[in-house]
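S.K.: The following comprises the amino acid sequence and a computationally predicted model.
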Amino acid sequence: MIRRSVLSLTAAVTLSLGFSLPVVAQDDFIIVQSTTSTQNSGLFDHILPIFRAATGIEVRVVAVGTGQAIRNAANGDGDVLFVHSKPSEEAFVKNGDGVRRFDVMYNDFVIVGPPADPADVTGMSDVVNALKQIAAAEAPFASRGDDSGTNKAELRLWAEAGIDASAASGEWYRETGSGMGATLNTGTAMGAYIMTDRATWIAFGNKGDYQIAVEGDPKMFNQYGIILVNPEKHPNVKADAGQAFVDWVLSDEGQAAIAGYQQDGQQLFFPNADS
Amino acid sequence: MTGFGSILAQALGLIASGDAALMEIIGLSLRVTLSAVALSCLIGLPLGAAVGAFRFPGRTALCVVLNALMGLPPVVVGLLVYLMLSAAGPLGPLALLYTPSAMVIAQTVLVTPIVAALTRQVVEDLNQEYDEQFKSLGVTGAGRVSALLWDARFSLLTVALAGFGRAVAEVGAVIIVGGNINHVTRVMTTTIALETSKGNLELALALGVVLLGIAVTVNAAVMGLRASAVRSAYA
């Protein structure tokens, strides 16, 4: 008797805990696969409430690296893709996983470094030459190494410098295989140069004595794009609500919301949707 | 980097402030983890007890597998559950991905082997002790399993707590299947990971202290229940 009551109590607890979790009506929210830079910088916390107030649609953001975000979206696990690696985004659309890609906004990458500046690159604005100097000095350089948008941009710059950095992997070139924040935590602790998007850097709370060493090269331009996941290929996609979000982000109102987001008095993202 | 004293003060301040967002996160952590532990016990206790009480072919192999599964990496569990629940996966139509239910499922997969393997050991030891009595009284099958589970109940509370400890502390599985979505699937461990990646190390550590406090509270509550149950059982 007691045994039975223990069992039914366990079952009751399980049911009440496990299945009374808040269930939101299915159509009230969309899932956006996006990157850590947009989330960690606080941009989404700024613009999503404005979007919700305008449309009533809740946006749930899954913030991972661009590579993982694209793979998740290609599985149909998301309604909108909002990332920053144009070649991969175009491939995503070409594969039929996305409807169409739009430019949304940009910021830029910077290379941050320790005050000792072992490769003597501080103040440079030519990123390719800066990377050459870092390689020649064999100064530590921490790479994301995680197939993210920032990682892909960094690899393109190494290729342009004609340096096979991966050959020095484990020596001066150190691939953390982690997100931007984790790589900044690791890299600053080991005195390495790190390439990061400016928004994440400004919002980052553990800068130590690090400063921006290299900035201002047009090659470090960082373009963000938005794509509705293709409802024809992935029938579970909430096409109407997803399209509403894409339209809003590209609208004057959405672009103004992006431009209005500041941290430490600096604008982090610059809207550049085709009007 | 500030000292541990100020981190402890920050942790206490976080709790004292009763911050709504933090309370929501703590509440979800507890609901997800306690649900997963309850489900794991529903599956793992009878399973472990059956393996502990009976002899059958392949039993040793099963014990090895159960023990080995205690070491399942949370990230691997997260990926497996993601592949099952993904829109492209076999359970995609249930639309459970990125919900608390997905996190409960992942933690249940993670914790059930721990509950089953430890239960097996506890019950096996007790079964040797009781074997002659069972034989003389002619107790077999389910009767034997339930009698063993009942008499081992106080040891099994510790088994459940081991499962709770594993589930409440893991981040690898819930961050993949939950997505760490603010106000939906954000729990203590994923918040700590997020604040670490934002470089807010003191806040992350303070949240870690809060998480430890939750674990201590749950353990103290269970041990208190156990003590009063023992008193009434032997009074």
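M.R.: Perfect, I can see it now.

S.K.: Quick check: closest non-adjacent residue to residue 86.
M.R.: In the absence of a named chain, chain A is used. Spatially, and ignoring its direct neighbours in sequence, A:K86 is nearest to A:Q223 (5.7 Å; C-beta to C-beta, 6 or more residues apart in numbering or on different chains). (Glycine included, C-beta is placed from N, CA and C.)

S.K.: Can you look at chain B instead?
M.R.: A:N75 (4.6 Å).

S.K.: Could you give the backbone dihedrals for that neighbour?
M.R.: Main-chain torsions, A:N75, degrees, to the nearest 10: phi -80, psi 0.

S.K.: hang on, the earlier thing: on the strand side of things, show who the residue nearest to A:K86 bridges to.
M.R.: A:Y106 (DSSP bridges).

S.K.: Tell me how many other residues crowd it.
M.R.: 17 (other C-beta atoms under 10 Å in any protein chain shown).

S.K.: my read: it touches A:D108, true?
M.R.: No. Using C-beta atoms under 8 Å, A:Q223 is not in contact with A:D108; the gap is 9.8 Å.

S.K.: Could you name the helices and strands sitting against the helix or strand containing B:A162?
M.R.: Assigned by DSSP states H and E, B:A162 belongs to helix B:153-169. In this structure, helix B:153-169 packs against helix B:20-53, helix B:100-137, helix B:188-197, helix B:201-234, with contacts taken as 3 or more C-beta pairs under 8 Å, 6 or more residues apart in numbering or on different chains; DSSP states H and E.

S.K.: Adding distance to chain A, mean pLDDT and mean neighbour count as columns, could you present the ones you listed in CSV?
M.R.: Below are the helices and strands packed on helix B:153-169 laid out as CSV (distance: least, C-beta to the nearest C-beta, whole Å; pLDDT from 0 to 100; neighbours: other C-beta atoms under 10 Å in any protein chain shown):
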stretch, distance to chain A, mean pLDDT, mean neighbour count
helix B:20-53, 4, 95, 22
helix B:100-137, 4, 95, 21
helix B:188-197, 3, 93, 23
helix B:201-234, 6, 90, 15
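
S.K.: Quick check: residues of the stretch 51-200 of chain A near chain B?
M.R.: A:60-63, A:72, A:75-77, A:179-182, A:184-185 (C-beta under 8 Å from any C-beta of the partner chain).

S.K.: Next, count neighbours for the residue of the stretch 1-150 of chain A found nearest chain B.
M.R.: When scored by C-beta to the nearest C-beta, the stretch 1-150 of chain A has A:G76 as its residue closest to chain B, at 3.3 Å. When neighbours are counted by other C-beta under 10 Å, A:G76 registers 22.

S.K.: B:A147 should be in a helix, yeah?
M.R.: Yes. The assignment for B:A147 is a helix, going by DSSP: H, G, I helix; E, B strand; the rest coil.

S.K.: Does it touch B:T140 like I think?
M.R.: No. Under the criterion of C-beta under 8 Å, B:A147 is not in contact with B:T140, lying 10.6 Å apart.

S.K.: Could you tell me which residues touch both of these two?
M.R.: Common neighbours of B:A147 and B:T140, using C-beta atoms under 8 Å, 6 or more residues apart in numbering or on different chains, are B:F134.

S.K.: neighbour-wise, which of those two wins?
M.R.: Shown here are B:A147 and B:T140; by other C-beta under 10 Å, B:A147 has more neighbours (20 against 12).

S.K.: From chain A, how far off is the more buried one?
M.R.: Using C-beta to the nearest C-beta, to the nearest Å, B:A147 is found at 9 Å from chain A.

S.K.: Now that residue. Nearest residue, chain neighbours left out?
M.R.: That would be B:V139: by C-beta to C-beta, 6+ apart, it lies 6.4 Å from B:A147.

S.K.: now swap in A:Y261 and tell me
M.R.: Using C-beta to C-beta, 6+ apart, the closest residue to A:Y261 is A:H46 (4.4 Å).

S.K.: Please enumerate the strands of the stretch 151-275 of chain A.
M.R.: Taking DSSP state E, counting those that start in this stretch, the strands of the stretch 151-275 of chain A run over residues A:173-175, A:193-197, A:211-214, A:221-229, A:262-263, A:266-267, A:270-271.

S.K.: if you compare those, which one is most tucked away?
M.R.: strand A:193-197 (a mean of 26; mean count of other C-beta atoms under 10 Å in any protein chain shown).

S.K.: Report all helices and strands that that one contacts.
M.R.: Short answer (3+ C-beta pairs under 8 Å, 6+ apart): strand A:193-197 packs on strand A:98-113, strand A:141-143, helix A:149-161, helix A:180-189.

S.K.: Just say which of those is most tucked in.
M.R.: strand A:141-143 (a mean of 25).

S.K.: Thank you kindly, that will do.
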